[in-house]
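Undergrad: coords please:
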Amino acid sequence: MEELIKLVVKKTGISEEQAKKAIETVVGFLKSKLPAPIAGQLDGALKGEGASGIAAGLGNLLGGKK
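TA: Next up is the predicted model:
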């Protein structure tokens with residue numbers, strides 16, 4: 001998630017703390033709207049190593065191959 005925080009900071013110019021809060025808000029919203037198994041996959045994607053972990057997790061969420 002650190003890489004995602006840094007990307008948000010770079011793209012928006014907000015502080016790391018603000019970026020973290022924004023990401024947590026969006027992730028919380030998504031998890032509340034998604035079915036439980038998919039919400040769990042989102043958690044797994046965010047715990048992955050860097051952007052490749054997130055990309056792989058999102059690919060799985062969207063029906064891609066593992």
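
Undergrad: ok, residue 43 - how many residues close by?
TA: Summarising burial for residue 43: neighbours were counted as other C-beta atoms under 10 Å, giving 11. Backbone N, C-alpha and C define where each C-beta goes, glycine included.

Undergrad: contacting residues for it?
TA: residue 31 (C-beta atoms under 8 Å, 6 or more residues apart in numbering).

Undergrad: can you report phi and psi for it?
TA: The phi and psi values for residue 43, taken as degrees, to the nearest 10, are phi -60, psi -50.

Undergrad: check which helix or strand covers the residue most central in space within the chain.
TA: Per C-alpha atoms, centre = their mean, the C-alpha nearest to the average position across the chain is that of residue 46, at 4.7 Å. Element membership for residue 46 (DSSP states H and E) is helix 36-47.

Undergrad: restrict that helix to CA atoms and write it as PDB.
TA: What follows is helix 36-47, C-alpha atoms only, in PDB (Å, rounded to 0.1, in the frame of the first residue of the first chain):
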ATOM      1  CA  ALA A  36     -17.500 -10.600   0.700                       C
ATOM      2  CA  PRO A  37     -15.300 -13.000  -1.400                       C
ATOM      3  CA  ILE A  38     -14.300 -10.100  -3.700                       C
ATOM      4  CA  ALA A  39     -13.800  -7.700  -0.800                       C
ATOM      5  CA  GLY A  40     -11.300 -10.300   0.600                       C
ATOM      6  CA  GLN A  41      -9.500 -10.300  -2.700                       C
ATOM      7  CA  LEU A  42      -9.200  -6.600  -2.500                       C
ATOM      8  CA  ASP A  43      -7.500  -6.900   0.800                       C
ATOM      9  CA  GLY A  44      -5.100  -9.500  -0.600                       C
ATOM     10  CA  ALA A  45      -4.300  -7.200  -3.600                       C
ATOM     11  CA  LEU A  46      -3.500  -4.300  -1.300                       C
ATOM     12  CA  LYS A  47      -1.200  -6.600   0.800                       C
END
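
Undergrad: thanks again, I'm all set now.
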